[in-house]
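# got a sequence here, can you build the structure:
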Amino acid sequence: MMLRPRVGLLPLYLKLYDDTMPELRVAFDPFMKQVVDGFETRGVGVVRWPVCRLREEFREAVAAFEREGVDAIVTLHLAYSPSLESVDALVHSALPVVMLDTTMDESFGLDVDPARIMFDHGVHGVQDLASMLRRRGKRYEVIAGHVSEAEMFERACGRVRAVAGARCFRGMRVLRIGETFSGMGDFTVHDDLLQAVLGVRVDQMGVDSVAACAAKIDAGSLEREMREDRSRYDVDVPEEVHRRSVRVGLALRKVLEEGGYGAFSMNFLAFDRCDGPVDTVPFLEASKAMARGLGYAGEGDVLTAALVGALNAAFGMTTFTEIFCPDWRGDALFLSHMGEVNPETAAAKPRLCEKDFPWTGARNPAVLTCAPAPGPAVLVNLAPGPDETFSLIAARVEVLGDGTHPAMRDSVRGWIRPEKGVRRFLEEYSRHGGTHHSALVLGDRVDAVAAFGEYAGIDVVVL
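As a prediction, the model looks like this:
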């Protein structure tokens, strides 16, 4: 369930044109509607405002966008607009600025009618304003391309989603169930530091709190959830195993909903009972939670859980993962984890099966298994650094096809090929302190993910 961010669309114009050629303005209405549609068809809401020309008009527009609580201001130069009319209002606002450098006409070649100049010369207004924003220390993004280009709107929406994701991240509430896995140091950060530096608030509880909810799950809720599972997944699991996993899963879901958590992590070793209402590990619910847009990471790793939650909310199609094994010959990396994957990322219908669980006294759980859809993706890691710092590591990768060994269908799996090749990637990844827990975001979103890190106030490393 991705966020639906909103932008304030700020059209810029020149009063001189209204004074001397008032009939021209109406020609820009279809152009502005095209821009609005470009955002809204991609899940970004638009708050429109009348065309602005003078300082007071820009102040009123920005104040209105702030009252509306938009995530960013998108500027649209219909024509040249002197920067000193608008720059103060934009600089004094905390709202990020995304500048569209676009025009009404796609072609402006040797055979162009000079009358079209009046409809396509906003570019030097963009340059004027961008130069002034930079001089005044205001962060801004520039997205250039013709208004008909889907790629331009994808990049613009990616920046807006990066802003919304950063806001989600800095203020996220994360639940840890059980203690952090003993001895795992790379992702371990004191909860107070997470809140002080990243704005992430951590709560902790034991399995008993989940058990109290599980004892109240009624038979009707269990049957409905199991029916839905049978329609969503390729179910190949004993009913008893399915039922106990759904029971503890629904209890965990209730805990997450009542607490308003955007992400959670659990230590599977904390689930050690073979009787009572919580007699297995809720791996199945961890996968379903990611499908609903929440964040998750294993072993008590609330840092990566918050990252997955923010990326999932901003961009969707995000799953928790680990780099497990290198394929030196194939120049690829094998991704996996014990039993947690976002089924929304699956290349085919996920399989619901029983998993052997010899690690504690808990009974075998039901888990979802699948491989991610092939194509471009971004591997993302949030790495603690020296002196209470963090780095967001992002790498463009290609997700390869599914495994061919019959036994692999019972495992969470995936193969990726880093753009720089496995050897160089692994060297640089660990040189920057990347942890062994990561997020995989499907789609060619490395620029948007990097922008997310920057808006969240985190140093960004793109490999």
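# so how far is residue 435 from residue 416?
17 Å (CB to CB, to the nearest Å). Glycine gets a C-beta too; all of them are placed from N, C-alpha and C.
# pretty sure residue 180 is touching residue 189, no?
No - Residue 180 is beyond contact range of residue 189, at 9.8 Å (criterion: CB atoms under 8 Å).
# so for stretch 418-436, what gets flagged as buried?
Going by neighbour count (16 or more other CB atoms under 10 Å), the buried part of stretch 418-436 is 418, 420, 422, 425, 426, 428, 429, 432, 433, 434, 435.
# before we move on, what about stretch 193-202?
For stretch 193-202, a neighbour-count test (16+ other CB under 10 Å) marks 194, 197, 198, 199, 200, 201, 202 as buried.
# figure out how far it is from the centre of its chain.
19 Å (CA atoms, centre = their mean, to the nearest Å).
# and what of stretch 55-74?
Per CA atoms, centre = their mean, the centroid offset for stretch 55-74 relative to its chain is 25 Å.
# please apply the same query to stretch 235-246.
Its chain's C-alpha centre and that of stretch 235-246 lie 31 Å apart, by CA atoms, centre = their mean.
# before we move on, what about stretch 148-157?
For stretch 148-157, the separation from the chain centroid amounts to 17 Å (computed by CA atoms, centre = their mean).
# quick check, nearest of the buried residues of stretch 193-202 to residue 64?
When the buried residues of stretch 193-202 are compared for distance to residue 64 (CB to CB), residue 199 comes out closest, at 27.0 Å.
# check the contact between the closest one and residue 173; I expect there is one.
No - using CB under 8 Å, residue 199 is not in contact with residue 173, being 10.3 Å away.
# turn the buried residues of stretch 418-436 into TSV, including pLDDT, distance to residue 371 and secondary structure.
Shown next, in TSV, are the buried residues of stretch 418-436 (pLDDT from 0 to 100; distance: CB to CB, whole Å; DSSP: H, G, I helix; E, B strand; the rest coil):
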residue	pLDDT	distance to residue 371	secondary structure
418	97	17	strand
420	92	23	coil
422	97	18	helix
425	97	20	helix
426	97	21	helix
428	97	26	helix
429	97	22	helix
432	97	27	coil
433	97	28	coil
434	97	23	coil
435	97	23	coil
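# distance to residue 76 added to those, as JSON lines?
Listed next are the buried residues of stretch 418-436 as JSON lines, based on distance: CB to CB, whole Å:
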{"residue": "418", "distance to residue 76": "37"}
{"residue": "420", "distance to residue 76": "37"}
{"residue": "422", "distance to residue 76": "43"}
{"residue": "425", "distance to residue 76": "39"}
{"residue": "426", "distance to residue 76": "44"}
{"residue": "428", "distance to residue 76": "39"}
{"residue": "429", "distance to residue 76": "40"}
{"residue": "432", "distance to residue 76": "38"}
{"residue": "433", "distance to residue 76": "41"}
{"residue": "434", "distance to residue 76": "39"}
{"residue": "435", "distance to residue 76": "41"}
